[in-house]
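Enquirer: Predicted model and sequence follow; I will ask about them next.
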Amino acid sequence: MPVLDGSELRIIGFLCNWCSYGGADTAGVGRFVQPTDLRIIRMPCTGRMDPLFALKAFLNGADGVLVSGCHPNDCHYAEGNFYARRRLEVLERFLPVLGIDARRFHYGWVSASEGAKWQQVVTHFTEIIHELGPIAKLDPELAVCAIKAMDGAVQPTAAAPAV
Amino acid sequence: MSQLEILKEAVAKALPDLDLVLGWRQGINILRTAPFIIRSAKDLDNLVWNRLCVNNLSSQLMHLRDKRVGILVKGCDSRSVVQLLQEKLISRESVKVFGLPCTGVVDLKKLSRSVDLDRVEAAVVTERTLELSADQGSLSLPLPEVLADKCLVCKYPNPVIHDALIGEPVEPWAPAELPAQAAFAAMPLAERFAYWREQMDRCIRCYACRNSCPMCFCKDVCLGDSRDPHWQSQETSVREKWMFQLIHAMHLAGRCTGCGECERACPVGIPLLTMKRELNAITQDLFGYEAGVDPAATPPLMTFAVVEEKIKESEW
């Protein structure tokens, strides 16, 4: 999904510092080609993942949310991902209640050495999100404002005050 | 002796050992009751107990932790007490529970569709009907039409925890299917987003839902009020309103006892209990857990199993 043709969507990735963030790094070091729709937020552990992070991302217009951490039994903090698994499963099942397609959310486990698996996960998830298309926006007019503001920032007008 | 007389007697007997007892008194009109605090035997004259005692008094327990408190509970309210005990938010020794077997309370929002609540002069509940009279005449309404939805699907009409049970236990009834819940369940995914958007747009962020919720205990440091961390802004957009309701819902995941106070307290009629019920069904299905039934249980999201029976690992 090349960024330049404007077809890129917004996917937010919440990655555990010890496994998946390392895995994504491994994929980068290995120069595996990945879609560029994903924006990564690093967390200390998936146990830090508040389901509200994902919900806030969706309400703010994220088209997909991906959470990835250490495999069960491999958590750096022994049990963080076990708690996360319960919470995220509840969240995944709760999304359809809100009218958000559960496929827009994915949680899984990628270790620091699994660069190739990371590439697959990102590619597969991005494909799903592109099949689903952009999420319904709560306030489209706000998005338009933001785009206009960005345009303004790129091409400053003569009226812009000098600092 | 009527249930109210037995209740008064039991409260009067226990009162010397307690700082206060939470009960109901007559409210601003014949159909409304209000929570009130009984401190002495003469306050008992104002105590009422009938099908209009809708408030779940256990939402006050958290604020009275340093006191010895007596509390009057219906079946549904008792589950809140159990949940508070389970989470060690209150201690068993400092709470004396007067359990009231209950056959359902009247939903004033439902009633207000057919009646001007302020003009009712007398209300009597019989076996199957609610009899109202006003200066223009009288009206008889079938109970299932005016009882709260939560009562129609109630599984615990008898308090699950009590130190004194007032009156005889009642026979539980078969839960009815709620039209509102069924209609929501049948709603296609694509319409639900628009549905909630419309519902949440009405929210005025009065926080009545939060304040009446017995399980919502971090009211002094609520994410809805906090600007640091900046979970919420003071903006009035539907996004902020919806987000607040999601904060409330997610913080109640696996803890909500379905007492329905949020929906009852909502001045603009957002179907909050519909959302909470869906969430409760998820935790029930995933973890086989029902909140507020067993004081010794652990809420499902505060624990884990190394091998989860119902959670399937994703294939990719």
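Expert: Looks like it came in fine.

Enquirer: Tell me if B:Val97 really is in a strand.
Expert: Yes - under DSSP: H, G, I helix; E, B strand; the rest coil, B:Val97 falls within a strand.

Enquirer: give the contact list for the nearest residue to B:Ala305 once chain neighbours are set aside.
Expert: In space, and not counting its chain neighbours, B:Ala305 is closest to A:Phe82: 7.7 Å by C-beta to C-beta, 6 or more residues apart in numbering or on different chains. For glycine as for every other residue, the C-beta is placed from the backbone atoms N, C-alpha and C. The contact partners of A:Phe82, taken as C-beta atoms under 8 Å, 6 or more residues apart in numbering or on different chains, are A:Pro72, A:Cys75, B:Phe304, B:Ala305, B:Val306.

Enquirer: Could you measure from the last one over to chain A?
Expert: Counting by C-beta to the nearest C-beta, to the nearest Å, the gap from B:Val306 to chain A is 7 Å.

Enquirer: Correct me if wrong: that residue contacts A:Asn81.
Expert: No - using C-beta atoms under 8 Å, B:Val306 makes no contact with A:Asn81, being 10.8 Å away.

Enquirer: Now the common contact residues for these two.
Expert: With C-beta under 8 Å, 6+ apart, B:Val306 and A:Asn81 have common neighbours A:Pro72.

Enquirer: Would you point out the helix or strand in chain A whose mean pLDDT is lowest?
Expert: Counting by mean pLDDT, DSSP states H and E, the weakest-scoring helix or strand in chain A turns out to be helix A:140-154, with a mean of 58.

Enquirer: And the contacts of A:Phe82, which of them are buried?
Expert: Neighbour-count burial (16 or more other C-beta atoms under 10 Å in any protein chain shown) applied to the contacts of A:Phe82 gives A:Pro72, A:Cys75, B:Phe304.

Enquirer: which residue sits closest to the second one in space, ignoring its chain neighbours?
Expert: So that's A:Cys75. A:Asn81 (4.5 Å).

Enquirer: May I have the secondary structure class of that neighbour?
Expert: helix.

Enquirer: same question, B:Thr274
Expert: Quick answer, by three-state DSSP: B:Thr274 is helix.

Enquirer: Now do the contacts for it.
Expert: The contact partners of B:Thr274, taken as C-beta under 8 Å, 6+ apart, are B:Ala180, B:Gln181, B:Phe184, B:Glu263.

Enquirer: Then the first one would be within a helix, right?
Expert: Meaning B:Ala180. Yes - assessed with three-state DSSP, B:Ala180 lies in a helix.

Enquirer: Report the secondary structure element holding residue 13.
Expert: Just so you know, I chose chain A. strand A:11-16 (DSSP states H and E).

Enquirer: Please refer instead to chain B.
Expert: Per DSSP H and E, B:Lys13 falls inside helix B:3-14.

Enquirer: any idea of the angle that helix forms with strand B:95-99?
Expert: 160 degrees (axes from the mean of the first three to the mean of the last three C-alpha atoms, to 10 degrees).

Enquirer: What is whatever helix or strand comes next after helix B:3-14 packed up against?
Expert: Using DSSP H and E, the helix or strand that follows helix B:3-14 towards the C-terminus is strand B:20-26. Here strand B:20-26 touches helix B:3-14, strand B:33-38, strand B:69-73, going by 3 or more C-beta pairs under 8 Å, 6 or more residues apart in numbering or on different chains; DSSP states H and E.

Enquirer: coming back round to it: who touches the strand holding A:Gly13?
Expert: The contact list for strand A:11-16, computed with C-beta under 8 Å, 6+ apart, reads A:21, A:24, A:37-46, A:49, A:53-54, A:57, A:62-70, A:76, A:80-81, A:122, A:125-126, A:129.

Enquirer: Helices - which of the residues you listed land there?
Expert: A:Tyr21, A:Ala24, A:Phe53, A:Ala54, A:Ala57, A:Gly80, A:Asn81, A:Val122, A:Phe125, A:Thr126, A:Ile129 (DSSP state H).

Enquirer: Domain boundaries for chain B, per the record?
Expert: Following automatic domain parsing, chain B resolves into domains at B:1-105+B:153-173, B:177-316.

Enquirer: Give me the mean pLDDT for the shortest one.
Expert: When pLDDT is averaged along domain B:1-105+B:153-173, the result is 95.
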